[in-house]
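next one to model:
(chains A and B)
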2 protein chains.
Amino acid sequence: MSPRALAIDVFGTVVDWRGSIIKEGKRLKRSVDWPKFADGWLTGYRSRVEKVRTGQRPWANLDVLLSEAFGDLVIAFSLADVSKEKLDHFSQVWHRLQPWPDCVAGLKRLRKRFALATLSNGNMILLTDMAKHGRLPWDCILSAELVKRYKPAAEPYLLAVESLGPEAEQVMYVAAHKWDLSAGAATARLRTAFMPRPQEMPGQDPSDLKPDPSYDINARDFEDLADQLGA
Amino acid sequence: MSPRALAIDVFGTVVDWRGSIIKEGKRLKRSVDWPKFADGWLTGYRSRVEKVRTGQRPWANLDVLLSEAFGDLVIAFSLADVSKEKLDHFSQVWHRLQPWPDCVAGLKRLRKRFALATLSNGNMILLTDMAKHGRLPWDCILSAELVKRYKPAAEPYLLAVESLGPEAEQVMYVAAHKWDLSAGAATARLRTAFMPRPQEMPGQDPSDLKPDPSYDINARDFEDLADQLGA
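Below is the predicted model:
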């Protein structure tokens, strides 16, 4: 049985969050270590996601967690001299992340054959804005926000099955990160496609980027995935 | 404050469910009263939705309820002589409903200015398939299925606010039916746009089609709504 739908991770898999933050940051102020800022933002929101995941704080969507983490960085990186209007705009850069070069063309090919959904820890309006901005051709937006549980809890993956299946083998999950595929999608019995993104961050462990035959597909990018799925 | 998003009812407001069923039905078999069949399908699924709504049966999505209602009609309208393959295909006609003539152009204008979401009792894959088929330019698909409560219960409207707001006045709900606007959207404090569709069914009560100043906007169709919202 061929899958009818692809559920696709977004941060890192589809969009270059780190490069996008660095690029916009440089236009905001020159004398800042923007790669370090971007990495700090990741760490800041991930630690908050973990607190939600482990029940140390109640549900809060990613816009809230990103905004809290941003507040810490404004102080740590001495951005208080930038105007409030410009800082407010920059704080929303996650709504404007740029896709990797293969994404729009590859996703358009895949969309002719499959229903294409996001499956991201990003919240609904963040993902919706990002799709408009980057012209990402999603058929629908699925988010951890809809089930109020962050990946890799089972609920978001099961939401994809319930919405797009209803059988688990009708949905293939595509992601750049092995924790997302192995701890999440595989546990929920979705089909899996691994698409490593070595450009996402410097210093990634080579073993995290290595193809693994335990996934149904290992793909270089969305054009390669479209080739392999005959789209 | 201008709304940032429009949440839009689908059956009747965007797509001509009745005309689409009649048109496909006529190609399936000539000697059937297809308008009566379409009306029977509506009655059959609505009565099942009511049972779910009132707790007489557990949650079941619209594909399930439509399929049950269809089974009754196959017997009542003597369709057993049509091949199983053709009947199975026809039973999915709700995934292929045609939009009214103003929809695609009007929605494309509105999409440049607002996030556009469905807010329908139809389930996720039904709405996703329909959008692909009719080239409906949604930014995201919101469905009663995501909260397992059918409109006009408050939960689907509140889902739209939570996903697209987060303030209620940031979301405008667009629908052809007053029960949907008054019992649902207005109760959840969304802004409201009424768009009567006199072509939806013959014999509609004229009072159900009459503009009402208690809604924020009364629009003739999506082109008119785009004009009134400056899109």
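
which residues touch residue A:218?
A:193, A:194, A:195, A:211, A:212 (Cβ atoms under 8 Å, 6 or more residues apart in numbering or on different chains). All C-beta atoms are positioned from the backbone trio N, CA, C, and that covers glycine.

of the residues you listed, list those near chain B.
Among those, no residue is within reach of chain B (Cβ under 8 Å from any Cβ of the partner chain).

for the residue lying farthest from the centre of chain A, give its distance to chain B.
Centroid-distance maximum for chain A: residue A:81 at 31.0 Å, with Cα atoms, centre = their mean. Noted for residue A:81: a distance of 30 Å to chain B, by Cβ to the nearest Cβ, to the nearest Å.

that residue: helix or strand, and which one exactly?
Using DSSP states H and E, residue A:81 falls within no helix or strand.

skipping its backbone neighbours, what lies nearest residue A:43 in space?
Computed as Cβ to Cβ, 6 or more residues apart in numbering or on different chains, the closest residue to residue A:43 that is not its neighbour in sequence is residue A:69, at 7.9 Å.

ok, now which ones touch the one you found?
A:40, A:41, A:43, A:44, A:45, A:48.

got a quick ChimeraX command for the buried subset of these?
Filtering those down to the buried ones (16 or more other Cβ atoms under 10 Å in any protein chain shown) takes a single ChimeraX command:
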select /A:40,41,44,45,48
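
quick check on the residue farthest from the centre of chain A: phi, psi?
Phi and psi for residue A:81, reported as degrees, to the nearest 10, are phi -80, psi -10.

just residue A:193 next, same as before
phi -130, psi 120.

what is it paired to in the beta sheet?
Beta bridges link residue A:193 to residue A:174, residue A:217, judged by DSSP bridges.

tally of neighbours for it?
A total of 25 residues lie near residue A:193 under the criterion other Cβ atoms under 10 Å in any protein chain shown.

cool, residue A:229 as well?
18.

name the residues of chain A found near chain B, please.
Checking chain A against chain B by Cβ under 8 Å from any Cβ, the hits are A:4-5, A:111, A:115, A:117, A:123-125, A:127-129, A:131-132, A:138-141, A:143, A:145-146, A:159, A:162-165.

quick one: buried ones out of the residues you listed?
If we count by 16+ other Cβ under 10 Å, the residues of chain A next to chain B have these buried: A:4-5, A:111, A:115, A:117, A:123-125, A:127-129, A:131-132, A:138-141, A:143, A:145-146, A:159, A:162-165.

out of those, list just those in helices.
A:111, A:124, A:125, A:127, A:128, A:129, A:131, A:132, A:159, A:162, A:163, A:164 (DSSP state H).

wait, the fifth one touches residue B:165, no?
So that's residue A:128. No - between residue A:128 and residue B:165 there is no contact under Cβ atoms under 8 Å: 12.0 Å.

find the residues that touch each one of those two.
In contact with both residue A:128 and residue B:165: no residue, using Cβ under 8 Å, 6+ apart.

pull the longest helix from chain A.
helix A:34-53.

list of residues touching it?
Here helix A:34-53 makes contact (Cβ under 8 Å, 6+ apart) with A:17-18, A:21-22, A:25-26, A:57-60, A:62, A:65-66, A:68-70, A:72-73, A:76-77, A:121, A:149-150, A:153, A:201.

show me where chain A dips below the pLDDT cut-off.
A:1 (pLDDT under 70).

so what are the domain limits for it?
Following automatic domain parsing, chain A resolves into domains at A:5-16+A:97-228, A:17-96.

so which of these is the most surrounded?
Comparing those by mean neighbour count (mean count of other Cβ atoms under 10 Å in any protein chain shown), domain A:5-16+A:97-228 comes out on top with a mean of 20.

what about it, start to end distance?
15 Å (Cα to Cα, to the nearest Å).

before we move on, what about stretch A:220-231?
By Cα to Cα, one end of stretch A:220-231 lies 15 Å from the other end.

stretch A:194-212 too?
Per Cα to Cα, stretch A:194-212 runs 8 Å from first to last residue.

what does that stretch contact?
Counting by Cβ under 8 Å, 6+ apart, A:12-13, A:16-19, A:39, A:100, A:174-178, A:181, A:215, A:217-222, A:225 sit against stretch A:194-212.

how far does it sit from the chain's center?
Relative to its chain's centre, stretch A:194-212 lies at 15 Å (Cα atoms, centre = their mean, to the nearest Å).

likewise for stretch A:76-87?
26 Å.

and for it, what are the contacting residues?
So stretch A:76-87 is contacted by A:28, A:29, A:32, A:33, A:37, A:40, A:73, A:74, A:90 (Cβ under 8 Å, 6+ apart).
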